[in-house]
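Undergrad: need coordinates for the below:
(chains A and B)
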Protein chains: 2
Amino acid sequence: MSINVNGDTALPTRTALQQEAVERLVEAVGAERVITDPDVLLEHGHDMSVDHADALAAALVRPGSTEEVSEVLRIADDLVIPVVPQGARTGVVGAAAAMPGCILLDMSGMNRILHIDEADQLATVQPGVINADLGRAAREHGLYYPVDPGSVHISTIGGNIATNAGGMRCVKYGVTGDHVRTLTVVLADGSVVRTGHDSIKGVAGLDLTRLIVGSEGTLGVVTQATIALEPLPGEAAGAAAYFPTLEAALAAAAEAGASQHRPSALEMLDQPSIRAINAYDASADLPEDAAAMLIVESDTLGAAVDDVAEYERIFRAHDALRVDVARTSAEVDRLLEIRRNLHPGLLAAYEEVLTEDIAVPRGRLLKLLKVIEHASTAFGAPVATGGHVGDGNLHPIIGYTSADPASLERARQAFAFILERTIELGGTVTGEHGVGTMKHASIAQEFSPRLRALQVAVKAAFDPRGILNPGRKL
Amino acid sequence: MSINVNGDTALPTRTALQQEAVERLVEAVGAERVITDPDVLLEHGHDMSVDHADALAAALVRPGSTEEVSEVLRIADDLVIPVVPQGARTGVVGAAAAMPGCILLDMSGMNRILHIDEADQLATVQPGVINADLGRAAREHGLYYPVDPGSVHISTIGGNIATNAGGMRCVKYGVTGDHVRTLTVVLADGSVVRTGHDSIKGVAGLDLTRLIVGSEGTLGVVTQATIALEPLPGEAAGAAAYFPTLEAALAAAAEAGASQHRPSALEMLDQPSIRAINAYDASADLPEDAAAMLIVESDTLGAAVDDVAEYERIFRAHDALRVDVARTSAEVDRLLEIRRNLHPGLLAAYEEVLTEDIAVPRGRLLKLLKVIEHASTAFGAPVATGGHVGDGNLHPIIGYTSADPASLERARQAFAFILERTIELGGTVTGEHGVGTMKHASIAQEFSPRLRALQVAVKAAFDPRGILNPGRKL
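TA: A predicted model of the protein is given here:
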């Protein structure tokens, strides 16, 4: 997305305060790390969310060290200028979008894997490391980093920490926060703390590590993290199963997900998703008469094939139209690749999409899918739903065309309706993507005023002058 | 432990403020729930730690509902009287001990399991539920609660939440906090919030649930919790192995713990522990010439026996003197029972003990064990060490006799020395027992001043007048 800065959008004049900030930043970290070129600022002004006002930052800073981040925050805190930390800007809720006159803190250059400790199965990383790069490095040491958000090849560990990112393997391995052992964090006043414990267990002090994970850059800027890795899993096996009704698919998923045979992935795609994936990649060749499909994986060493035999039995008992069994990791990867084609497939079909990220207790998934179907019909917005059904986390994806503003409006209405009904079902408006600006209004519905006030008070304990990503998340 | 209140210890006169508090408490929750009998107050004045000053509370309140807890805190906050929440008082660090003139809040009567949801594998419980009772109830529904601290038969879920309790199965299943989905919490001002999400994933708002877990009653009073249960594990298998040296035992533990065959328990006992257990229960019949023993369990469905064959291979490759294989859950339970006899065995041998709870990255365990050996020799204090080596969490237990004050002094010196050296090794002074009053001084060594200030600021955001367990934990 590019904007002609010499066209309609008049560039605001830099205020004296912003000018002072830029001068002090240059002095502190060097001119080569402080970018004020409006083209760059506008390009870095947004993440992958639909909501961004093309706000112009005062400057973009590319720090190279914890000390430089500290210098930047000291200046920002002194001048009370908002700071927006950014990773790869792959977020979809606007948490990393610019606000007018802010300092953008681009952490993507701090991208070194500093150390991998094989004995303790730990990686020490800078925040700009791409998730898949950590995964590859871990495998080189005979280890495994299981957290694989859809953005695995483009998002950073720092961004994953900021959103507490999930993915397909969470159902067995947990989310990002379950793998963060320690964080080096620059606080709003520029001071540096290290939270957490290098040991697996540790209860000295309050658990500030888990508080900072998922805080979307509102509590501090992570400049280093110790990440717990896992032993390599066993050779995987899996299955894809196609069902005549959503009811049958969800009943099968519930039984497989709750069984003693713990899946390492348990995904669902509904009929619109199946059709979009076929249209995107004909080699997928999914049966389009199926109301829904499930993809399941087990990576339990020595038991994966037996696990999958049990899933197959469960799927057939729930009237599966067809079950395709994958007997190797490579075959399972092909199934999961089909799942990963949903988002690009829908982008190909609709040009633009709004991606939901709602979660409910698994027993309420059918009700939630009925809400989604209703929203699609009632508002005339195309919706395809894929989801981590093993976690109760769905991603309804709503298509629209930016050339047709009415289609965006319909998409927004469907989006808001689904969020509202999710809350009524006792669910949450975000399972793994975050709040940002997109779901800010929903937080008021999901949380009581007292709980919100408490969250704001905690934020103030970290950032009394409110310079870190103000107005986001809370 | 009882104290003759008519003897040396003069009872302090109740102040006008305390008198007012008692009157308002009686008015708010009824006389039958407000206890002022000094015998009861003294009995409830301490937990299982050695450090308690027999401080006399102004009153003990036994609330029956969230609303009553709210009433109590409203009064305490209004009068600025400290409140100490208590569960079963099985803690060993003084977090639940009385402070002079405080209100003790005895949560043990709120002990109902309100609901078990089989489909979503969730239990909704009051805080006074005994851990083992939740475990039994879960099994009746075909489910499993894996967190089994040593106090499993006597400690409450509320107390487990307050300390983020661990146990032998953490190495596979994580600690208490990994199983807490939501908390109903009464804040210091009496207001009630519900934190967390009923769904498995959820990133709306800051993660206050994990912040409250392990906060030792300093942030709020938990009156209800939703606990995630697990599917029943498979039939377990396991092994006990005996080693000629600590080095060999730790090398074997490191290899087994880091292997793809994920153990569900991995415990170590050193020679003094082996001897104490034999003395306590001759039927254990452990080889006393071994420098250390390991106990390992796998409960992986369909793979436990294979897993244990691999552990046996590892143990023999590390010069095990003997390996006893357990082929059923019942046989493994017998091995774990031997491990559980360490604490009672040492109490039988020494009358009184100080129990350490230190944790380091697993690769530093040998260094830590050398520190412990040195402390025992240098200060002349008997120390036996058992521990969750799979987690890097050790419990050196230091014996003394209360009839001999010098023996307590030696024990304290050894205790302090071990804590100090643990911090130098990059470890933490508490893996799962908490800070309370016993390790308060160590926190200043483990944390930087800025990190401590941040923790205090977070505490103030929850409890601005400082009435909840003041001076503890932070």
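
Undergrad: average pLDDT across the helix or strand hosting A:Thr195?
TA: Element membership of A:Thr195, judged by DSSP states H and E, is strand A:192-196. In this model, strand A:192-196 has a mean pLDDT of 98.

Undergrad: what's the first helix or strand after it?
TA: helix A:208-212.

Undergrad: any bit of whichever helix or strand comes after that next one sitting next to chain B?
TA: Going down the chain from helix A:208-212, the next helix or strand is strand A:221-228, by DSSP H and E. No. Strand A:221-228 does not reach chain B (CB under 8 Å from any CB of the partner chain); its nearest approach is 9.5 Å. Glycine gets a C-beta too; all of them are placed from N, C-alpha and C.

Undergrad: for the stretch 201-350 of chain A, which residues are neighbours of chain B?
TA: Checking the stretch 201-350 of chain A against chain B by CB under 8 Å from any CB, the hits are A:201-208, A:210-211, A:213-215, A:219, A:231-234, A:254, A:258-262, A:300-303, A:306-307.

Undergrad: any idea how chain A splits into domains?
TA: A:16-109, A:113-231, A:233-339, A:351-432 (automatic domain parsing).

Undergrad: where's the residue lying closest to A:Tyr350 once chain neighbours are set aside, which helix or strand?
TA: In this structure, A:Tyr350 finds its nearest non-sequential neighbour in A:Gly399, 2.8 Å apart by CB to CB, 6 or more residues apart in numbering or on different chains. Using DSSP H and E, A:Gly399 sits within strand A:393-400.

Undergrad: per-residue confidence averaged over that strand?
TA: Computed over strand A:393-400, the average pLDDT equals 97.

Undergrad: report the buried residues of the very next helix or strand once past that strand.
TA: Sequence order places helix A:405-424 as the next helix or strand after strand A:393-400, per DSSP H and E. Residues of helix A:405-424 classed as buried: A:407-408, A:410-415, A:417-423 (neighbour count, 16 or more other CB atoms under 10 Å in any protein chain shown).

Undergrad: intersect those residues with the contacts of chain B.
TA: Okay, of these, nothing touches chain B (CB under 8 Å from any CB).

Undergrad: quick revisit: is it possible to mark the buried ones in the residues of the stretch 201-350 of chain A next to chain B?
TA: A:201-208, A:210-211, A:213-215, A:219, A:231-234, A:254, A:258-262, A:300-303, A:307.

Undergrad: export the domains of chain A to CSV and tack on distance to B:Gly434?
TA: Putting these into CSV (distance: least, CB to CB, whole Å) gives the following:
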stretch, distance to B:Gly434
domain A:16-109, 31
domain A:113-231, 6
domain A:233-339, 31
domain A:351-432, 30
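
Undergrad: can you pull out the low-pLDDT segments for chain A?
TA: The model of chain A has pLDDT under 70 over residues A:1-12, A:52.

Undergrad: run the last query once more with 50
TA: A:1-10 (pLDDT under 50).

Undergrad: centroid-nearest residue for it?
TA: By CA atoms, centre = their mean, chain A has its centre lying nearest to A:His433, at 3.8 Å.

Undergrad: ok, that one - contacts?
TA: Each residue near A:His433 by CB atoms under 8 Å, 6 or more residues apart in numbering or on different chains is listed here: A:91-93, A:163, A:355, A:357, B:203.

Undergrad: next step: the residues you listed restricted to strands.
TA: A:Thr355 (DSSP state E).

Undergrad: any idea which of the contacts of A:His433 has the most stuff around it?
TA: Among these, the one with the most neighbours (other CB atoms under 10 Å in any protein chain shown) is A:Thr163, at 35 neighbours.

Undergrad: how about that residue: what's its closest non-neighbour residue?
TA: A:Gly434 (4.2 Å).

Undergrad: how many residues are close by A:Val456?
TA: By other CB under 10 Å, neighbour count at A:Val456 equals 14.

Undergrad: spit out the contact partners of it.
TA: A:Val456 neighbours (CB under 8 Å, 6+ apart): A:Leu474.

Undergrad: can you tell me the helix or strand for it?
TA: helix A:449-462.

Undergrad: and that helix, C-alpha only, in CSV?
TA: Below are the C-alpha coordinates for helix A:449-462, written out as CSV (Å, rounded to 0.1, in the frame of the first residue of the first chain):
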residue,chain,number,x,y,z
PRO,A,449,-15.3,-1.4,34.3
ARG,A,450,-13.4,-2.4,37.5
LEU,A,451,-11.3,-4.9,35.6
ARG,A,452,-10.4,-2.3,32.9
ALA,A,453,-9.5,0.2,35.6
LEU,A,454,-7.2,-2.4,37.2
GLN,A,455,-5.5,-3.0,33.9
VAL,A,456,-5.1,0.7,33.3
ALA,A,457,-3.5,1.0,36.8
VAL,A,458,-1.1,-1.8,36.0
LYS,A,459,-0.2,0.0,32.8
ALA,A,460,0.4,3.2,34.8
ALA,A,461,2.7,1.3,37.2
PHE,A,462,4.9,0.5,34.2
